[in-house]
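A.B. asks: Below are the sequence and a predicted model; questions follow.
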Amino acid sequence: MNGRGWLRGDRGAALLLVVVALALLGALALGAFASARLEERSATNLRFATEAFEAAEAGLTRAADRWDTTALGAAVWLPRPEPAVVDHGARSSATVTRLNSTLYLIVGTGERLDGEGNVLARRVLGLVGKSLPLGAGGAAGFAPLAERSWIEVYN
């Protein structure tokens, strides 16, 4: 028997070891890419939710700033007939509900839309406040309650 007899049983072991090592490296790379893609999607969804949140806040602000009163002193806010576009792809709307003679609830809805107008994210915020009487300049106003007047509404 020559000195090479012991090698015959180990032929191809190096190739098998390299293939297994490459498979493990490929699986690690695939896992890293999947993790990065998931992180990117999460960041995109967070951006859409933030844009919808900002649009809802804009709806609340617009409703509170456009506060008006009638001759009887009852607060009335006249909403726009359609939701207002805050930015390309985002829109907001607001509704006002009378809670009692002086307290009102303004509910602002913000939506982030895709290019076709489908909703990607929606946030709903509420603001509780009171109607201020007519001032010296003849303008009434809306004042949020001092404590816990702002809420995020979950539906």
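C.D. replies: Looks like it arrived, so ask away.

A.B. asks: Run through who's touching stretch 39-56.
C.D. replies: Stretch 39-56 is contacted by residues 86-87, 89-92, 108-112, 120-125 when judged by C-beta atoms under 8 Å, 6 or more residues apart in numbering. For every residue, glycine as well, the C-beta is placed using N, CA and C.

A.B. asks: Could you do stretch 117-124 as well?
C.D. replies: 45, 48-49, 51-53, 55-56, 107-114, 152-155.

A.B. asks: Of those residues, which belong to helices?
C.D. replies: In this view, those that belong to helices under DSSP state H are 45, 48, 49, 51, 52, 53, 55, 56.

A.B. asks: Now the buried members of the contacts of stretch 117-124.
C.D. replies: Neighbour counting by 16 or more other C-beta atoms under 10 Å classes 48-49, 51-53, 55-56, 107-113 among the contacts of stretch 117-124 as buried.

A.B. asks: just the buried members of the contacts of stretch 39-56?
C.D. replies: When the contacts of stretch 39-56 are checked for burial by 16+ other C-beta under 10 Å, the buried set is 86, 89-92, 108-112, 120-125.

A.B. asks: quick one: which of those residues is nearest residue 98?
C.D. replies: residue 108 (16.5 Å; C-beta to C-beta).

A.B. asks: give me the beta-bridge partners of that closest one?
C.D. replies: Listed by DSSP bridges, the beta-bridge partners for residue 108 are residue 94, residue 125.

A.B. asks: Check the one 4 residues further on too.
C.D. replies: When bridges are assigned using DSSP bridges, the partners listed for residue 112 are residue 90, residue 121.

A.B. asks: show me what contacts it?
C.D. replies: With contact taken as C-beta under 8 Å, 6+ apart, residue 112 is in contact with 48, 49, 51, 52, 55, 89, 90, 119, 120, 121, 122.

A.B. asks: the strands in the chain, which residues?
C.D. replies: Under the criterion DSSP state E, strands of the chain are mapped to 68-69, 75-76, 84-87, 90-98, 103-113, 119-132, 141-144, 150-153.

A.B. asks: rewinding a little: so of the buried ones among the contacts of stretch 117-124, which two are at opposite extremes in space?
C.D. replies: So, the buried ones among the contacts of stretch 117-124 by C-beta to C-beta: farthest apart are 48 and 107, at 20.4 Å.

A.B. asks: circling back: columns pLDDT and distance to residue 131 on top of the buried ones among the contacts of stretch 117-124, output as a markdown table?
C.D. replies: Formatted as a markdown table, these follow (pLDDT from 0 to 100; distance: C-beta to C-beta, whole Å):
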| residue | pLDDT | distance to residue 131 |
| --- | --- | --- |
| 48 | 93 | 34 |
| 49 | 93 | 32 |
| 51 | 92 | 30 |
| 52 | 92 | 28 |
| 53 | 92 | 26 |
| 55 | 90 | 25 |
| 56 | 90 | 22 |
| 107 | 88 | 16 |
| 108 | 89 | 17 |
| 109 | 91 | 22 |
| 110 | 92 | 24 |
| 111 | 93 | 28 |
| 112 | 93 | 31 |
| 113 | 91 | 33 |
